[in-house]
Every structure is written in C-alpha cells, then in structure tokens.
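Student: Kindly generate the corresponding structure for this input.
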Amino acid sequence: MTSANYAVVALVIHVSLLAVFITRALLRPNREPSSRVAWVLVILAVPALGILAYILLGETNVGRRKVARYREISARLFEKARTLNDAAFYEKVDPEHRHLFRLGQSISHFRPRGGNTAHLMEDSAATVDAMVADIDAARDHVHILFYIWLTDNNGLKVVEAAKRAALRGVTVRAMADDLGSRGLIRSMHWTDMADAGVRLARALPIGNPFLRPIKGRIDLRNHRKILVIDNRVTYCGSQNCADPEFLVKAKYAPWVDLMVRFEGPVAMQNQALFLQDWMTHVPEDLTGILRDPGDGADGVVAQVIGTGPTVRPSAMPEMFEALMHAARDELVITTPYYVPSESMQSAIRAAGQRGVDTVLVLPARNDSWIVSAASRSYYADLLQAGVRVFEYQKGLLHAKTLTIDGKVALIGSANLDRRSFDLNYENNILLECRDLTAAIRTRQQDYLADSRELHADEVRGWSAPRRLWNNTIGMMGPVL
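Tutor: Numbering: from 1, shown residues only. You can find the predicted model right below:
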C-alpha cells in the first residue's frame, strides 16, 4: 500500500470517528441544545482530545447494572408510599407553596411531613459535636454517608463515635464516596472501624481507572451528606465530615457550612436515601427498617429531595427554578459553585426583573478556578436584571441555601452547577416554617455582612482579557 493510500485510510478513519462521536453527542438524550453544540465544537476543534474527553466525560453513565439495581431498590423502598393518601400530607402546607412540595414528591416520591423539630447548628464544630452526641446516644442503628470524610480532628471524632457505638452493640453502617473520601478509605482508621464492627461500604468504587469509561464515568460521585440515628434523628446541609480548616485545600479555608439537625418523620426520608445507596452497593435487604412514625400536630413541614444520575436529569434544576419563580418579595441564594443552565439563569434574572429583592452570594476565592471564571461570566446579565451579587470574603462559603419570602427554604448538598444537576447524587430538604426559615435567613445575613457587593460599573470595567477569559470558560459550561 502506498503512502497516499495510507493517508486516505487514515482520513477515512478520522472522519468516521468524528462522525460517530458527533452523532452520539447529538443523539444523547436529556441534553440541552447548548450542551450538544458545545460538545460538537470541542470534538471538531481538537479531535483527538475532544473524542477522548467525550469518552471520559461526555456520558452520564454509572453503568447499566448499577442503574437497574438502583431503580429496583427504589421501587421496593417506595412501594408502601404509593398506597398513602396524598391529601392528608398537604393539609399542613400553605396552599401558596403546595406546588413546590408536589414537585419535590415527583422527584423522590416523598410527601411533605409535619411534626418535625429542627435546630440550625451554630458552626461546623458544633455540628460534629452534636453528631457525636447523637451517635453516642444511639440505641439501635447509626447510618453515616459522606462525600468527603477526612482523617482530621472532626473526621476522627466521628470515626471514634462510630467505633464506640458498634462496640456496645449498635448496628453502625458507614459509607463514604470512593473518590472524595479516598484518604480515609485507604487509612488504618477505615480498617479500625471494620475491626470494631462497623459495617463499611464505598460509594461508587473507582476500581481500575482505565476501565471506568466502560463501566461508567469516574467523576459521577455520591455528593450526599447523611446521618440517620434510630429512624428518629437526621442531619442535612452542606458540611462534609471534616474540619472547617479543610487541610486538603487549606489556602481557601475556612470552609463555611450550614447544617440543620432534624428530629421527626423527615428522618425516615433521609433513611430511605441512605438505604438506596447502601443496598445498591451491599447485598443486604434493609427495607424492613422503614416504618412510618406518623406526623406530629405542629412543627416544621419538611420533605427530602434526592437527585442523581439515576433520577430524571431535570430534577434538581426544576426544583431550584420553581423556588425562584415562586418568590414574591425576596429571594436569597448562597452557593459556592454557580454554573447554571440557561433556564435557571433566566429564572433568577426574572425574579430580579419583576421586583423581587434577589440576592446571590458566592465565595470571592473559589477552590475551582474554572468554576470561578464561569460564575463571573454571568455577573453582568444578573446585575442588569436587578439581581444583587455579593462575594464572600472570609473563606470559602460552602453553604448551599435558598430562602423565599421568609417562609420557605431549601438546604442540602446541591450546588447551582452542572455537576449537581447531571452528575452527583445529592440530598436536600425543602421546608416550610417561618421560624426556621428566619434562622437560615439570619445566617445568610451574616454571610452578607462578610461579603462585598459587586456593581454593574465595576463588572463593565473589568479588562478585556479578564472578560474574554470568563466568557470563554462560561461558554464551556455545558461541557463542564
């Protein structure tokens, strides 16, 4: 074969590969048009790297077996819920907000539950101390799940509490994400927990990284933060099991988080999320643990919302956007990572344009330079629409909170970015309670006091290279 023939063959192979991967990018379900366009441009602009990137990052795939297992377990866990009468659960919800909880129910099958007590934790240290006290008081079981669980002061406090509980006969199940908590999983502390009788599991095991594109994306992670004790107590918020100094990324410290301790029927919903994850990875049938405790007469109305790659991909954006559209007087959002979909950017802008006092608080220094640039590419449009944008100055604001009109709040692990929408398993709680929402709103005000407001003139005055960089990175948001 002549060199010319080799060149023709190489060209045919090259064009065929481009056609295959461009076709796949265009046919992939549940993608926004902008995402398809972005992937096509990447594949055409840098073919070899673009195809490799698509193989590694282009598909939201955790593996067929895992998807089937997850859905089968979810159906089993929620079988009892299907026989319950919806109307009774919505009587405690203000009619103005019932559509929000019905949307939440469509995502995770959970109904709003009344009769919960809730306490906003003071800070990260107080949260871990409260968790340890609850674990020490456990009588039957303790279920722990964290995306990041470090071997620092706070992380080891929880390790030791889990060991103590297991040694006194309490059933302790602990799960950590195989990537986010790799330091703990590979340490002697993980082994020590097993030796003490703690039942352990790794969420989304990485295995051989070279085989991951076959089995599923390596960066699809379990980002949840769940603690459930005796079907009675649970925690929800943004905090990983770590010190606020977060030594693995110390230069951005302190990590500023928000957690709420709940006691009541909503704990059973967080329990169901934990069981979904545990039973997907461990051949242990725990459906019998779920027992409906009934609602109390008064207290916080709360509903767990669990999302992830095996739930409909629009779920988390739908929840955020519904809350934004529901705001009448005030909308306050804090998030460390802001890379919205087009519809979400439109929803928050619409709130500002219709006269809602709309505030977005982000960290001034972000541990992801890519997200930092992408986030700032949206500032000009937000400010033009009347949204007030603040940057937190005293560390990395990691709290994920949204409050509307002093009545309803959403807290949890999900960020306003593509990873939380498409790639990560997340757990949030939607709640209706003036007192608890007021407490969260006060905490948001504390963040604002330590933040600097950006104005339209300042953003317009950014240099052309800075704006070009931000906008270029922001344009790749659908790929990121």
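Student: So Asp450 is in contact with Lys394, correct?
Tutor: Yes. Counting by C-beta atoms under 8 Å, Lys394 is a contact partner of Asp450 at 4.6 Å. Backbone N, C-alpha and C define where each C-beta goes, glycine included.
Student: For the stretch 301-450 of the chain, give me the ranges with low pLDDT.
Tutor: Applying pLDDT under 70 to the stretch 301-450 of the chain flags no residue at all.
Student: all helices for it, in order.
Tutor: Applying DSSP state H, counting those that start in this stretch to the stretch 301-450 of the chain gives helices spanning 315-326, 342-353, 369-376, 379-384, 418, 434-449.
Student: ok, and for the second one, which residues are buried?
Tutor: I take that to be helix 342-353. Residues Met344, Gln345, Ser346, Ala347, Ile348, Arg349, Ala350, Ala351, Gly352 are the ones in helix 342-353 that count as buried (16 or more other C-beta atoms under 10 Å).
Student: do the last one as well
Tutor: Taking 16+ other C-beta under 10 Å as the basis for neighbour counts, the residues of helix 434-449 that come out buried are Leu436, Thr437, Ala439, Ile440, Arg441, Arg443, Gln444, Tyr447, Leu448.
Student: partner residues bridging the residue nearest to the second one when sequence neighbours are not counted?
Tutor: Once flanking residues are discounted, Thr437 sits nearest to Ala409: 4.6 Å by C-beta to C-beta, 6 or more residues apart in numbering. Following DSSP bridges, Ala409 is listed with bridge partners Thr403, Leu431.
Student: so how far is Leu468 from Ala409?
Tutor: Distance, Ala409 to Leu468, by C-beta to C-beta, to the nearest Å: 38 Å.
Student: Which of these two has more residues huddled nearby?
Tutor: In terms of neighbours (other C-beta atoms under 10 Å), Ala409 is the more surrounded of Ala409 and Leu468; the figures are 26 against 11.
Student: ok, that one - contacts?
Tutor: Thr401, Leu402, Thr403, Leu430, Leu431, Cys433, Leu436, Thr437, Ile440, Arg441 (C-beta atoms under 8 Å, 6 or more residues apart in numbering).
Student: what about Glu79, neighbour count?
Tutor: So Glu79, with other C-beta under 10 Å, has 11 neighbours.
Student: Can you give the domain ranges for the chain?
Tutor: According to automatic domain parsing, the chain comprises the domains 3-54, 64-100+111-300, 315-475.
Student: Adding distance to Pro309, write those domains out as a markdown table.
Tutor: Shown next, in a markdown table, are the domains of the chain (distance: least, C-beta to C-beta, whole Å):
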| stretch | distance to Pro309 |
| --- | --- |
| domain 3-54 | 10 |
| domain 64-100+111-300 | 6 |
| domain 315-475 | 6 |
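Student: mind checking which of the ones you listed is nearest Gly308?
Tutor: Gly308 lies closest to domain 315-475 among the domains of the chain, at 3.6 Å (C-beta to C-beta).
Student: now the closest one, how far from the centre of its chain.
Tutor: Offset of domain 315-475 from its chain centre (C-alpha atoms, centre = their mean, to the nearest Å): 14 Å.
Student: Tell me which residue is most central in this structure.
Tutor: Centroid-nearest residue in the chain, with C-alpha atoms, centre = their mean: Ala414, separated by 2.6 Å.
Student: got any ranges where the stretch 51-200 of the chain has weak pLDDT?
Tutor: 55-59, 61-63, 80-85.
Student: residue ranges for the strands of it, please.
Tutor: Read by DSSP state E, counting those that start in this stretch, the stretch 51-200 of the chain holds these strands, from start to end of the chain: 113-120, 141-146, 171-177, 199-203.
Student: export those strands to CSV and tack on distance to Cys236 and mean neighbour count?
Tutor: Formatted as CSV, the strands of the stretch 51-200 of the chain follow (distance: least, C-beta to C-beta, whole Å; neighbours: other C-beta atoms under 10 Å):
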stretch, distance to Cys236, mean neighbour count
strand 113-120, 9, 20
strand 141-146, 12, 25
strand 171-177, 16, 23
strand 199-203, 17, 19
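Student: Those into JSON lines, with extra columns for distance to Glu79?
Tutor: Below are the strands of the stretch 51-200 of the chain laid out as JSON lines (distance: least, C-beta to C-beta, whole Å):
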{"stretch": "strand 113-120", "distance to Glu79": "18"}
{"stretch": "strand 141-146", "distance to Glu79": "20"}
{"stretch": "strand 171-177", "distance to Glu79": "22"}
{"stretch": "strand 199-203", "distance to Glu79": "23"}
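Student: Of those, which is nearest Glu318?
Tutor: Of the strands of the stretch 51-200 of the chain, nearest to Glu318 by C-beta to C-beta is strand 113-120, at 20.9 Å.
Student: quick check: angle from the closest one to helix 434-449?
Tutor: 30 degrees (axes from the mean of the first three to the mean of the last three C-alpha atoms, to 10 degrees).
Student: Quick check: neighbours of strand 113-120 in the sheet, parallel or antiparallel?
Tutor: Going by DSSP bridges, the partners of strand 113-120 are strand 259-263 (antiparallel), strand 300-307 (antiparallel).
Student: Deepest-packed of those, please.
Tutor: The highest average neighbour count among those, using mean count of other C-beta atoms under 10 Å, belongs to strand 300-307 at a mean of 28.
Student: what's the span of stretch 335-348, first residue to last?
Tutor: Taking C-alpha to C-alpha, to the nearest Å, stretch 335-348 runs 14 Å from one end to the other.
Student: returning to what we had before: wait, the residue nearest to the centre of the chain touches Ala315, no?
Tutor: No. Look at Ala414 against Ala315 with C-beta under 8 Å: they stay out of range, at 9.9 Å.
Student: Identify the contacts common to those two.
Tutor: Thr307.
Student: Pull the contacting residues for the nearest residue to Lys92 once chain neighbours are set aside.
Tutor: Excluding its sequence neighbours, the residue lying closest to Lys92 (C-beta to C-beta, 6+ apart) is Gly114, at 4.0 Å. Listed by C-beta under 8 Å, 6+ apart, the contact partners of Gly114 are Lys92, Pro265, Asp295, Gly296, Ala297, Asp298, Gly299, Val300, Val301.
Student: and what of Ser372?
Tutor: Per C-beta under 8 Å, 6+ apart, neighbours of Ser372: Arg365, Asn366.
Student: For stretch 182-190, which residues meet the burial criterion?
Tutor: Here stretch 182-190 shows Gly183, Leu184, Ile185, Ser187, His189, Trp190 as buried, counting by 16+ other C-beta under 10 Å.
Student: and the residue nearest to Thr437, how far is that from Gly237?
Tutor: 11 Å.
Student: Repeat that for Leu396.
Tutor: With C-beta to C-beta as the criterion, Leu396 and Gly237 are 15 Å apart.
Student: The longest helix along the chain packs against which elements?
Tutor: Identified as the longest helix of the chain according to DSSP state H is helix 3-27. Other helices and strands packing on helix 3-27, by 3 or more C-beta pairs under 8 Å, 6 or more residues apart in numbering; DSSP states H and E, are helix 33-45, helix 47-57.
Student: hey, least reliable of these by pLDDT?
Tutor: Out of those, helix 47-57 stands lowest, with a mean of 73 (criterion: mean pLDDT).
Student: re earlier: okay, the strands paired with strand 113-120 in JSON lines with distance to Phe246 next?
Tutor: Output for these, formatted as JSON lines (distance: least, C-beta to C-beta, whole Å):
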{"stretch": "strand 259-263", "distance to Phe246": "15"}
{"stretch": "strand 300-307", "distance to Phe246": "25"}
